[in-house]
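> I would like the atomic coordinates for the input below:
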Amino acid sequence: MSVAFCTTALASDIAYYQPSPITLSQTAVRVLDGDSIILDGEEWRLLGLDAPGIASARCEGERRTGVLALRRLEALIASGLPIVLHPAGRHDQYNRPLATLMIGTENVSDILVREGYARRYNGGWRKGWCTQATIDAPTPASSSPTTTSNSPPRH
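This is a model prediction of the structure:
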């Protein structure tokens, strides 16, 4: 009985483990796509958004929009503002660590969703991009790293 109690306590402790934030340099972060980055050879999935795929795109519109999302995330990282990764302490279905990425004081997910490069995602089933990506490709953002473009995204 004590073994079962210890196992339950350990699982409970892991579920609530919250690693410390990690301050990153621009050169430490490689952007894989609009919702994934690579740090020290490990792929991280960003929380709160779903960006169109590039390598896994199912149509040219999704791939094109995915490249725009990747470029916008690269621009945010290169902005010179502080970059802080907040690990969630858990992994997705592909065993990638999950995290929130902050640029300055803003969550990258909020920026990319607001600007039309991604949509809000908090787990579960994801809608395909092909119809929307073909019609609703975002317009490039303004030169300011954390502000939206003057033209609103078309959704």
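
> in the chain, which spans are helices?
Counting by DSSP state H, the chain has helices at residues 2-15, 60-77, 108-114, 130-135.

> Quick check: buried residues in the second one?
Residues of helix 60-77 classed as buried: 61-63, 65-70, 72-74, 76-77 (neighbour count, 16 or more other Cβ atoms under 10 Å). Every C-beta, even on glycine, is put in place using the N, C-alpha and C of the backbone.

> Sheet partners, orientation included, of the longest strand along the chain?
Looking across the chain with DSSP state E, the single longest strand is strand 83-91. Under the criterion DSSP bridges, strand 83-91 sits next to strand 22-24 (antiparallel), strand 97-103 (antiparallel) in its sheet.

> Also compute the angle for it relative to helix 60-77, please.
Calculated by axes from the mean of the first three to the mean of the last three Cα atoms, to 10 degrees, strand 83-91 forms an angle of 120 degrees with helix 60-77.

> Does Leu81 touch Gly104 like I think?
Yes: between Leu81 and Gly104 there is a contact at 3.8 Å, judged by Cβ atoms under 8 Å.

> quick one on the thing from earlier: restricting to C-alpha, output the longest strand of the chain in PDB.
Presented in PDB, the C-alpha positions along strand 83-91 are these (Å, rounded to 0.1, in the frame of the first residue of the first chain):
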ATOM      1  CA  ILE A  83      13.500  36.300 -25.300                       C
ATOM      2  CA  VAL A  84      12.200  34.100 -22.500                       C
ATOM      3  CA  LEU A  85      11.000  30.500 -22.700                       C
ATOM      4  CA  HIS A  86       8.600  29.400 -20.100                       C
ATOM      5  CA  PRO A  87       8.600  25.500 -20.100                       C
ATOM      6  CA  ALA A  88       5.200  24.000 -19.300                       C
ATOM      7  CA  GLY A  89       6.800  20.900 -17.600                       C
ATOM      8  CA  ARG A  90       4.900  18.600 -20.000                       C
ATOM      9  CA  HIS A  91       5.100  17.200 -23.500                       C
END
